[in-house]
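Chemist: compute the structure for the input listed below.
(2 chains)
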Amino acid sequence: MTRRLVASLVSIVLLSSGAFIANIVAGNFPALGLDLQGGASVTMTPVGEVDEAALSVAVDIIRQRVDSIGVAEPEIIRQGNTVVVNLPGVKDQQQALDTIGRTGAVEMRPVIKVAENPENTTTTTVVGGTTTTVKGGTTTTLKPTSTTLPPPSGGVGSSRTAAVTTTTIPTATEDVDPLTGLPQGQTILPGRKDGLIYLLGPIEATGEVFSNDSSAQVDAGAWVVVAKLRSGAAGADVWNALSTKCFAGVADCPTKAIAIILDGEVISAPTVQTPTFDNGSVQISGSFSETEAQDLARVLQFGAVPVKFDIPTVQTVSASLGEDSLRAAVLSGLVGLLLVLLFLLFYYRLIAIVVIGGLALSGLMLWSVISWLSKTNGLALTLSGAAGIIVSVGVTVDSYVVFFEKLKDDVQLGRTLRNSAARGFDRAWRTILIADTVSLIGALILWQLTVGSVRGFAFFLGLSTLSDMVVSYFFARPAVLLLAKTKMFNRGRVLGVAKAKISEAVA
Amino acid sequence: MAGGMSRLFRGETTINFYGRRNIGFIASGLLLLVTVGSLFTQGLNLGIDFKGGVAFEVPVAGTMSEAKAKEILAANKIRTDNAKIQTLTSGSTERVRIQLGDLLVETRTTIQEALAKAANATVNDVSVSTVSSTWGRNITTKAINALLVFFLIVSIFIAWQFEWRMALSAIAAMVHDVGISIGVYSFFKLEVTPATVVAFLTILGFSLYDTIVVFDKVHENTERFSGSKVSYADIVNVSMNQVLMRSLNTSISSLLPVLSLLVIGSGVLGAVALREFALALLVGLATGAYSSIYIATPLVGILKERSDQYRSMRGHLSLGVDMTHLMQTGAPVGRRAAARAASDASQGVVPAPVAVETLLSHPPRPRKKSRR
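Modeler: Below is the predicted model of the structure:
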């Protein structure tokens, strides 16, 4: 028993100080957020006349991109018609440009083949394919045919450079693209959420075939997206040429499906149900949830009036609060910590040294994780994040308080510390576990469902809660259990209370 | 006499929290009333991140600098605490960007001219543009949706671990805490920034955490007393007296760093940005600790007293000596014992000491026989 306690104690101390030293040696330091350190500021000016609604959709799409790159808290501001994106902690201006400067055009390509994405381990089942019909027409739901396809080349999130060899692709007579090994114009793109990959023919239409009033509607109890075609050569004609071809299921479009693509991801690939759309209205149906339908409608609206930005300019931007705020926060945080420790030493006497050790370990762990994530995921510590950590001191200390109060009760009832430590911890651990689990649930939900600084908050909440649990179990438990075995902690007024004097208590 | 402090220190208090629950409810009700009133009459003072505003950009030349910009703003009677003043650098050119909340057109022009003068530039060199909020509508929507999901899942978790009455009360306490914190912001017209939202979320998290710890004690005692006829009001009182010290210690430990942030950080070191954030946290943490004891737990008591199991004992309270007895032995004082205790007390007789062994919840382990 003792040996296991010592092992736990030694390994947690070694692990956290090792991680700390490793980060220092590797030169990883916590990156600071926009408010404390500044970062890169990318200014994007749209070309020509801009549609107000389209610009706000563009801003939403930029926000999605920026949020998908890491845990930092970027700022996106519309300044008149220009869009300013501030990225914290980004030193490399080219990196900032790469993050934001993607085309953002909506394209349509015929689907040649659909397959499960081999790179996607958590494949979600496709809930029925989507279909396009003339509004009011009948819809039948088709499942995409599944055959194996090579993984997407250069798809989002994959850094694939090797040439993809394919044998299942119908050999076209056109030139073969030397890079991908696919016939010219063809490409393989991943679906955004369906866990599929698509072999696609060349771009045959852009989002501009639709007018910008696509909307999500309820039709016969299901969510559908209705898009209006622009009339004439630039709109309906282009679309109808594509739909006629796909409806016929010619070699170029054997699946009869048209993929709608944004930023290199297939948003939706509806199967064509009618050769031509004469009344100018296209209805896309499928097992959409309301959000999915709204998202698709938004993509189509954006594609209809794409906002083209000038080559963005990058500037470095200084902190809005500055170093002295950070210094003040850190200094007052340390003073606060010292006061807490003094208070605990006064209240729980000698055993409070366990708290000091535990807080030091939590500190080392938080530092290591934050530094490491700053390096790898672009995490940036903002002033509110720093203050959040200061508040988490209270919750961390609470675990010890719960534990020590249990011990105190037992000692008062006449047990020795040696006797009560293990039992006391089991009880306290239950409380700590339940309370921390609730905090973790909160952190996970907020992390999953929000953006911006709320997300940053959720991250730090989760991190400090986890470190609290780890330190309580692997440090506080063995430390107190071992100290409880020593003579010193079984004499006199341990924890500031004397042994059982029940009669006095009752009096 | 062992003073009140000493009894508190040893966890020997016998405060009748449940019997005085209305004090807490009335106080909180009044505060929430003020909150609602203030929200309707004054609303919230939303900062530039929520409302958008005006941005100036000035080339750095002449006497222009971030400090100079602050001076100019101060000269025009604009609060600089929440103005965002930053330097933009690209290559060798530097510009100062100043973002402010909405301004009157005249003020805007005055500032533009002042900035131009400081930078030895023409008025046209100082660009003025309206800026949108960085905190878009969809961030708010997402955050609210996330909170609703959070409430739902946390309720399910609490209902599963404890019971649904506690889930309901915990949520009520959280809403109460955030309500009062928002009230403070509205009443004192403090500016709401993204940092404030983070502070409110921190408060929510802390309040929930604190409530769960208290509930865990109530839950433990419910199981402990399940064999004997003890009213729920007694369980609540016993539990709250038992966790009182824990709650006080935790509150002190959480408030000390925040107080230090407020007094030392923003007071002595003058980091103004910290002030309102620390203030929100201070108010929130204090209400969070208060609501666990004065709102959440009494609410559970009220709900639970009406349940089938406890209805027959409703209204019964063990006070003073009886509560101590209950706390230590886990058994209620019978009518006869109560009468004796009362007569003893009136005659100044000290009750006989209870043997330590009888108070331990499990008998000592029997001594091992010989070695094999």
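Chemist: phi and psi next, for the residue of the stretch 201-350 of chain B found nearest chain A.
Modeler: Residue nearest to chain A within the stretch 201-350 of chain B: B:Ser254 (2.5 Å; C-beta to the nearest C-beta). Backbone N, C-alpha and C define where each C-beta goes, glycine included. Note on B:Ser254: backbone dihedrals following degrees, to the nearest 10 are phi -80, psi -30.
Chemist: what about the nearest residue to it once chain neighbours are set aside, which helix or strand?
Modeler: Excluding the flanking residues, the one nearest B:Ser254 by C-beta to C-beta, 6 or more residues apart in numbering or on different chains is A:Gly394, at 2.5 Å. With secondary structure defined by DSSP states H and E, A:Gly394 is part of helix A:383-412.
Chemist: over to B:Ala170?
Modeler: helix B:164-187.
Chemist: one more: A:Val314?
Modeler: Per DSSP H and E: strand A:313-317 holds A:Val314.
Chemist: residues of the next helix or strand after that strand that come out buried?
Modeler: Going down the chain from strand A:313-317, the next helix or strand is helix A:323-348, by DSSP H and E. Within helix A:323-348, the residues that qualify as buried are A:325-326, A:328-329, A:331-333, A:335-337, A:339-341, A:343-344, A:347-348, counting by 16 or more other C-beta atoms under 10 Å in any protein chain shown.
Chemist: close to chain B, is the helix or strand hosting A:Met365?
Modeler: Assigned by DSSP H and E, A:Met365 falls within helix A:353-377. No: Helix A:353-377 lies out of reach of chain B by C-beta under 8 Å from any C-beta of the partner chain, never closer than 9.2 Å.
Chemist: other SSEs contacting that helix?
Modeler: Packing contacts for helix A:353-377, counted by 3 or more C-beta pairs under 8 Å, 6 or more residues apart in numbering or on different chains; DSSP states H and E, involve helix A:2-25, helix A:323-348, helix A:383-412, helix A:452-471, helix A:477-485.
Chemist: most neighbours per residue, which of the ones you listed?
Modeler: Of all those, helix A:383-412 carries the top mean neighbour count, a mean of 25, counting by mean count of other C-beta atoms under 10 Å in any protein chain shown.
Chemist: show me what the helix or strand following that one is packed against.
Modeler: Moving toward the C-terminus from helix A:383-412, the next helix or strand (DSSP H and E) is helix A:417-449. Helix A:417-449 sits against helix A:383-412, helix A:452-471, helix A:477-485, helix B:137-161, helix B:194-224, with contacts defined as 3+ C-beta pairs under 8 Å, 6+ apart.
Chemist: identify whichever of those helices lies nearest to A:Val266.
Modeler: helix B:137-161 (23.4 Å; C-beta to C-beta).
Chemist: residue of chain A nearest chain B, please.
Modeler: A:Gly394 (2.5 Å).
Chemist: contacting residues for that residue?
Modeler: Going by C-beta atoms under 8 Å, 6 or more residues apart in numbering or on different chains, A:Gly394 touches B:Phe206, B:Thr250, B:Ser251, B:Ser253, B:Ser254, B:Leu255, B:Pro257, B:Leu285.
Chemist: tally up the residues packed near the second one, please.
Modeler: The one in question is B:Thr250. Around B:Thr250 there are 27 other residues, counting by other C-beta atoms under 10 Å in any protein chain shown.
Chemist: I am finished for the moment; much appreciated.
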